[in-house]
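In: Next input, structure requested:
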Amino acid sequence: MARIGFRKAKYNLHDGDKLKALDAEIVPNFEKVVDEKFAPNRANAELYANDSLAESDTSFIDGTLDITIADDEDKFVSTVLGNNITEDGEVTQNVDDIAPEMAYGHIIPKVYNGVHKYKVEFFPRIKFTTITSDNKTKGSSVEFSTSSLSAKVMRLEKDFNGLKAGDWEKHQTFDDLQSAEEYLDELLTPVV
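Out: Take a look at the predicted model:
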């Protein structure tokens, strides 16, 4: 199936052995995502015996998730990076800042043979590490620039929010957007 867009990126912070309680049962949106790239890091171990490959391991180690955002709004970015923000909006980054772990997911619209589908992709444990941006002077025409957030994708070290230790990604494809969004919201809601 061909991917034809990107919708409904959402997240929720970790809170002990489950996800954080939601305000008014609304899963927070990851606003205005321009694009996203995920690169898994896998083991590459091989054992040879009798002059041939006897065993190999390509298990998941971790991954890098890069998300380009249209707006690097201070309250949101300081939350995901663990920076201090005052009531009047001043952000301070400190060497001792610790970004919170969170769960993250999105919906990818797809089409195959003229039929639309909606794939939910979900990472139960990520941690943002950096934000970068490209800035230029305004010339004779307006040119938009964006910021990018980079996160480490990790496997769960213990059972968490109804998922098993070792889980690092879940996905499922739906026939309609509403079903996909309900599934994503369920994955990002704390298990009671």
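
In: Now do stretch 111-126, average pLDDT.
Out: In this model, stretch 111-126 has a mean pLDDT of 94.

In: Just the buried residues of that stretch, please?
Out: Buried residues in stretch 111-126, defined by neighbour count with 16 or more other CB atoms under 10 Å: 117-126. Using the backbone N, CA and C atoms, a C-beta is placed for each residue, glycine as well.

In: again, but for stretch 174-182
Out: By neighbour count, and taking 16+ other CB under 10 Å as the criterion, the buried residues in stretch 174-182 are 174, 180-181.

In: does the residue sitting nearest the centre point of the chain belong to a helix or a strand, and which?
Out: When the chain is reduced to its mean C-alpha position, the nearest residue by CA atoms, centre = their mean turns out to be Tyr104, at 4.0 Å. Assignment of secondary structure by DSSP states H and E places Tyr104 within strand 102-112.

In: and that strand, how far from the chain's centre?
Out: In terms of CA atoms, centre = their mean, to the nearest Å, the gap separating the centre of strand 102-112 from the centre of its chain is 10 Å.

In: before we move on, what about stretch 141-148?
Out: Between the centre of stretch 141-148 and the centre of its host chain there is 22 Å, according to CA atoms, centre = their mean.

In: cool, stretch 177-190 as well?
Out: On the basis of CA atoms, centre = their mean, stretch 177-190 is displaced by 15 Å from the centre of the chain it belongs to.

In: quick one on the thing from earlier: please tabulate the buried residues of stretch 174-182 in a markdown table and include distance to Glu143 as additional columns.
Out: Below are the buried residues of stretch 174-182 laid out as a markdown table (distance: CB to CB, whole Å):
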| residue | distance to Glu143 |
| --- | --- |
| Phe174 | 37 |
| Ala180 | 34 |
| Glu181 | 33 |
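
In: Relative to Phe144, which of those is nearest.
Out: Comparing these against Phe144 with CB to CB places Glu181 closest, at 27.7 Å.

In: low-scoring stretches of this structure, by residue?
Out: Within the chain, the ranges that satisfy pLDDT under 70 run 1.

In: Tell me which stretches of this protein form helices.
Out: Assignment of helices within the chain using DSSP state H yields the ranges 74-81, 177-187.

In: and the shortest one with strand 102-112, angle?
Out: With axes from the mean of the first three to the mean of the last three CA atoms, to 10 degrees as the criterion, the two stretches helix 74-81 and strand 102-112 enclose an angle of 100 degrees.

In: I'd like the C-alpha coordinates of helix 74-81 written as CSV, please.
Out: Written as CSV, here are the backbone C-alpha positions of helix 74-81 (Å, rounded to 0.1, in the frame of the first residue of the first chain):
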residue,chain,number,x,y,z
ASP,A,74,7.8,26.7,23.9
LYS,A,75,5.4,25.0,26.4
PHE,A,76,5.2,21.8,24.3
VAL,A,77,8.9,21.6,23.5
SER,A,78,9.9,22.3,27.1
THR,A,79,7.6,19.5,28.2
VAL,A,80,9.0,16.8,25.9
LEU,A,81,12.6,17.9,26.5
